[in-house]
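> Sequence plus predicted model, see below.
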Amino acid sequence: MVRYIFRRIGFMVMTVILASIIIFWATTVLPGDVASQVLGRFATQQAKDTLRKELGLDKPVAVQYGHWLGNFVKGDWGVSPSTFAEVRPIVFQRLRNSFMLALVAFVMYVPLGILLGLVAALRKNTWIDQTISVGSLAFIGLPEFVSGVILISIFAIELQWLPAQSAIAPDSTFAEALPYLILPAITVALTSLAYVVRMTRSSTVDVLQMDYVRTANLKGLSPSRVLFTHVLRNSLLPTITVVAIGIGWLIGGLIVTEAVYGYPGIGRLLLFAIQRRDLQLIQATTLVIVLIFVVANLTADILYAVLNPRIRYQ
Amino acid sequence: MNAPALDAATAATTTARRPVFEVEGLHIDYVTELGTLHAVRDVSLAVHEHESFGLVGESGSGKTTLAMGAIRYLAQNGRVTDGSVRLNGVELLGLSPKSLRELWGSRIGAVYQSPLSALNPSIVIGKQLAEMARQHLGMDRGAALGRVEEMLTKVAMPDPEAVMKRYPHQLSGGMLQRCVIAMALMTNPSLLIMDEPTTALDVTTQAVVLDLVTELKREFDSAILYITHDLGVITRICDRVGVMYAGAFMEQADLRPLFRRPLHPYTLDLLGCVPRFERTPQKRSLVTIPGAIPRVDELSPGCIFAPRCTYMEEACTTARPPLQGVDGDHLSACRRWQVVPPPAEHIRAATEALHAAEGVGAEAAVLVEADQVQVRFKAARGLIRGRKQRYIRAVDGVSLNIREGQTLGVVGESGSGKTTVARAIVGLTPATGGHIRLRGRELEHTTGRRARSTLREIQMVFQNPDASLNPARTVGDAICRPLTLLGGLGSTAARAKARELLQAVSLPVSYYDRLPHELSGGEKQRVAIARAFAAEPELILCDEPISSLDVSVQGSLMNLLMKLQVDKNTSYLFISHDLSVVQHLSDSIAVVYLGHVMELGEALRVLSPPFHPYTEALVSAVPLADPDIKQKLIRLSGSVPSAMDVPTGCRFHPRCPRYLGDICRDQEPPWREGEGEHRVYCHIPLGELARLQVETLVIDRDEEGA
């Protein structure tokens, strides 16, 4: 088990290094020169050269990469050329906001998804099952900018229950932010709900047909005991894995939703950085998003192993 | 149903013993897309205290449906439509789900076919078993765990305390089945349903579990309803037997009368399908039942067995004969039961003499020679460097000769390396040492490096025809492929030849365009055999080709294999865990244990004393379909050790019932030469083995009973 975790962590480190190489390479080959961007179009060649030297841009790419990664690990993420602000505090603040949105969305769709999936499995092939399956599937294909706009027009414009925009002050507390989080969280939850429902439904249907469920029933246990001690334990395994992997996307992948609502999360920060060609900001934001995805995957792997004795004792 | 006759029969028995479980006129339907299927029709049986009732039948005969329907555990589309089921006089069919659950587990216990899947993979054994005691015996956690330990000790589980902390995947099949039995008996139920409890186990483990059940039968008061397809197992366990066919009983009788003088042609045929354990050179074919088991929605209007029956006459096809008492409590559903001959007569008439396996060993030329073949796999190594690389010694110096036109049978428990030997000879698993020669010519160790002509010469038939036939290709395609690829035929010639082959394996030519899923298991295996013969090979490796099939299908496939061998003079390497099948088919036999041959020689010599102690244990473990044969109890404890830690000296010594002492542990045994090619790998001299084994004859016909 310990060996398994170490191996997963080893893979994770390798993934991050590989991703950092790709990120760095991609941003350096992008057209556009940092020096001209910082100094403006009319800067003298000499001034540009000096700045390049200062930033280490005259050195070979490999050296630059090592320098950048070293600084990143040390916590020196540089200054954003477009805002002249330190990159690290901005990224962390946005990350915190993304966490808040992810948390609200998570609480909305995971328990509901599992519940609906279970109900569908227990009422397999009845109208209840069909309603749940078809209903949740209908939202998978709906892009966030469509569902977002529909939600805004219903709840914000028609009913005026909730704010239409979520452009909160980036340093708002959770309590302050909560009313602004509900609509974007619903938007996210709608797209993810179907995955959880379908996963839970199909694995529960499988588990219900297992011999050990027959054993449990013929032990004379009550249906609810069979469900809670024998079925859920096994049928939720795949769902938990899928949900854990999804957390990466929930935090780092909500670019569209954040843009629709103007929410100051890390996704919108990345969008902003790209629009401004702010290389420092792009590099830091992407690497942080990669880290989030990798950690989410690691969590999923470890959770799966912990919950599944067949892997735990290998 | 002829009610008076049955009532008379049951009345006769009730006076003697108290019936615990009674089923009367039970009907079970399944509602499917095709309409309502009458899966079980008008079935009655009674199981008495301390008695075990064997439900025997081929797959699809409705035996599990009957048992599960009777205790009202059916799939959602299953319905009990009529009848009565009583447990200790209490009618089960009217009970509410809640009162039914009170009976399940407490008064009704169940043991299932695959113990690994019957236990929850993510809960430790102790907790799963304790659940039963907490539910029905009102015990708290501590008391329940104590009860579990006590029960595990009763089923002879070594180290129960440690076992209770294990997860199911950490235990062997035999140990798991003991756990399930312990769980089922924990509440001392009135009725114990055992649904093929040993089918998934090794022969040796099966023997141990069967002994255990026989013993527990005495200790506990439970009446047992024992479901199996294996007539041999029935004779070890059951007192009374019911033979089911397509959802109805064909015959019901006490064990000995049923086997000695069956009064229904189907029972006779079933007995004839199973190879007898006969150590005579003269082999006979097995009885084949023409046609296939009908689906329950396509039954003929008369006797449901009539279309396949040898003794059928016009009147059989008009009215369905009821199951009625014909001789005391011997019930038969045959209207011509009086003309049904004794088994020996029927089998003689329905079979034909085959070429004698006259111990021709030395005469035929050697086709394939395996010389000190070795297969080692690298064991997984940890992250930390410097740890010594360990090897799994799957095959550890095996030497065999396969002769032209003959069959070499390889037997051994699972994990003995028998399949790996075969795969090494074909080249699918490369041998890491030794030599494989074909007519004296050295063969490369992988198929990739062998010439096409060599590939053509050695073909293989696998255990699971579902996995070895491409589901997207037609039967014709499957057979044509080796014809064009290895036989060098053009597509027209190949097609004609494929049709011929279909006929040779007794399949209709119309099957040419069918897809595998349209075929039954036996038919698929026939296609696989046709495909193997298509390349006109010299040698066919058959890896348990019949063990997943029904007995009647097994019999006809064995006949087919023997017929084709005579026609084409092909050699077989036949791998099986079933000693009676191997002895039926083989000219010579190799007994393998943990990657090493223990005994080798002509079939007759290997199976008559002196045996290697391992062979002796295997022979003793085979359940024979003849209650009049006494088998000596020689049981192996534990299971085959890991091939990564092969024991020192004689590798069989930790389990050997005839263990001598230090010499077995420290020194590798010598090869002791017997008559002909017979060789035994043992420290005990052959003369001594023979003497020991005469004292404790493994198989003996019970003269007073015969």
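Perfect, I can see it now.
> measure residue B:94 to residue B:84 for me?
9 Å (C-beta to C-beta, to the nearest Å). For every residue, glycine as well, the C-beta is placed using N, CA and C.
> out of those two, which sits in the busier spot?
Counting neighbours by other C-beta atoms under 10 Å in any protein chain shown for residue B:94 and for residue B:84 shows that residue B:84 has the greater number, 16 against 10.
> the helices in the stretch 251-400 of chain B, which residues?
B:255-260, B:265-273, B:343-350 (DSSP state H, counting those that start in this stretch).
> Now the longest one - C-alpha only, PDB.
Translated: helix B:265-273. Provided in PDB are the C-alpha atoms of helix B:265-273 (Å, rounded to 0.1, in the frame of the first residue of the first chain):
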ATOM      1  CA  PRO B 265     -34.200 -43.500 -20.200                       C
ATOM      2  CA  TYR B 266     -32.800 -40.000 -19.500                       C
ATOM      3  CA  THR B 267     -31.200 -41.200 -16.300                       C
ATOM      4  CA  LEU B 268     -29.700 -44.100 -18.200                       C
ATOM      5  CA  ASP B 269     -28.400 -41.900 -20.800                       C
ATOM      6  CA  LEU B 270     -26.900 -39.500 -18.300                       C
ATOM      7  CA  LEU B 271     -25.100 -42.400 -16.600                       C
ATOM      8  CA  GLY B 272     -23.800 -43.500 -19.900                       C
ATOM      9  CA  CYS B 273     -22.300 -40.000 -20.800                       C
END
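> so for that helix, what's the average pLDDT?
Average pLDDT, helix B:265-273: 90.
> The last one too?
Confidence over helix B:343-350 (mean pLDDT, whole number) is 84.
> in chain A, which helix or strand is least confident?
The weakest-scoring helix or strand in chain A, judged by mean pLDDT, DSSP states H and E, is helix A:34-39 (a mean of 68).
> So which residues make contact with stretch B:328-340?
B:6, B:9-10, B:12-13, B:248-254, B:257-258, B:262-265, B:268, B:303, B:305, B:311, B:313, B:315-316, B:321-326, B:346 (C-beta atoms under 8 Å, 6 or more residues apart in numbering or on different chains).
> what sits against residue B:589?
Neighbour list for residue B:589: B:408-411, B:582-583, B:599-603, B:606-607 [criterion: C-beta under 8 Å, 6+ apart].
> picking that back up, mind checking which of the contacts of stretch B:328-340 are in strands?
B:248, B:249, B:250, B:251, B:252, B:253, B:254, B:324, B:325, B:326 (DSSP state E).
> what's the most distant pair in the residues you listed?
B:248 and B:254 (19.8 Å; C-beta to C-beta).
> Surely residue B:402 is in a helix?
No. Residue B:402: not assigned to a helix; according to DSSP: H, G, I helix; E, B strand; the rest coil it is strand.
> which residue sits closest to the residue in chain A positioned nearest to chain B, ignoring its sequence neighbours?
Among all residues of chain A, residue A:220 sits closest to chain B, at 3.4 Å; criterion: C-beta to the nearest C-beta. For residue A:220, ignoring the flanking residues on the chain, the nearest one in space by C-beta to C-beta, 6 or more residues apart in numbering or on different chains is residue B:105 at 3.4 Å.
> and that neighbour, how many neighbours?
Around residue B:105 there are 26 other residues, counting by other C-beta under 10 Å.
> Grab the nearest non-local neighbour of the residue of the stretch 201-350 of chain B found nearest chain A.
Going by C-beta to the nearest C-beta, chain A is nearest to residue B:225 of the stretch 201-350 of chain B, at 13.3 Å. Of all residues not flanking residue B:225 in the chain, residue B:193 sits nearest, at 4.9 Å (C-beta to C-beta, 6+ apart).
> isn't that neighbour right next to residue B:108, touching?
Yes. Using C-beta atoms under 8 Å, residue B:193 is in contact with residue B:108, at 6.9 Å.
> show me the contacts for residue A:179.
Residue A:179 touches A:162, A:163, counting by C-beta under 8 Å, 6+ apart.
> ugh, typo on my part, it should be residue B:654
B:638, B:641, B:647.
> Among these, which one sits closest to chain A?
residue B:641 (19.4 Å).
> how about that closest one, what does it touch?
B:594, B:647, B:654.
> how much space is there between the first one and chain A?
For residue B:594, the distance to chain A (C-beta to the nearest C-beta, to the nearest Å) stands at 23 Å.
> what about that residue, neighbour count?
Applying other C-beta under 10 Å, I find that residue B:594 has 24 neighbouring residues.
> so who does it touch?
B:396, B:415, B:416, B:417, B:640, B:641, B:643, B:646, B:651, B:652.
> again, only this time at 10 Å
Residue B:594 makes contacts with B:393-396, B:412-413, B:415-417, B:614, B:640-643, B:646-647, B:651-652, B:655, as judged by C-beta atoms under 10 Å, 6 or more residues apart in numbering or on different chains.
> In helices only, show me the residues you listed.
Among the contacts of residue B:594, DSSP state H puts residue B:614 in helices.
> Taking the contacts of residue B:594, please make a PyMOL selection of just the buried ones.
In PyMOL, a selection of the buried entries from the contacts of residue B:594 looks like this (16 or more other C-beta atoms under 10 Å in any protein chain shown):
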select buried, chain B and resi 393+394+395+396+412+413+415+416+417+614+640+641+643+651+652+655
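> between the contacts of residue B:589, which is nearest chain A?
Of all these, chain A sits closest to residue B:411, with 29.4 Å by C-beta to the nearest C-beta.
> That closest one reaches residue B:618, doesn't it?
Yes. Counting by C-beta atoms under 10 Å, residue B:411 does reach residue B:618; the two are 6.5 Å apart.
> between these two, what contacts are shared?
B:203, B:577, B:579, B:582, B:591, B:593, B:598, B:599.
> ok, now which ones touch whatever residue of chain B ends up closest to chain A?
Going by C-beta to the nearest C-beta, chain A is nearest to residue B:105 of chain B, at 3.4 Å. With contact set as C-beta under 10 Å, 6+ apart, residue B:105 has these partners: A:215-221, B:131-133, B:135-136, B:183-184, B:186-187, B:189.
> same thing with residue A:117?
Residue A:117 sits next to A:132-133, A:136, A:193-205, A:235-236, A:239 when contact means C-beta under 10 Å, 6+ apart.
> and the nearest residue to it once chain neighbours are set aside, which of the three is it?
Using C-beta to C-beta, 6+ apart and skipping residues adjacent in sequence, the residue nearest residue A:117 is residue A:200, 2.6 Å away. Following three-state DSSP, residue A:200 is assigned to helix.
> what's the average pLDDT for stretch A:260-277?
According to the model, stretch A:260-277 has a mean pLDDT of 87.
> Tell me which residue is most central in chain A.
Residue closest to the average C-alpha location in chain A (C-alpha atoms, centre = their mean): residue A:249, at 2.3 Å.
> interface residues of chain A facing chain B?
A:3, A:6-7, A:10, A:124-125, A:207, A:209-223, A:225-226, A:229-231, A:233-234, A:237, A:307-310, A:312-314 (C-beta under 10 Å from any C-beta of the partner chain).
> All good on my end, thank you.
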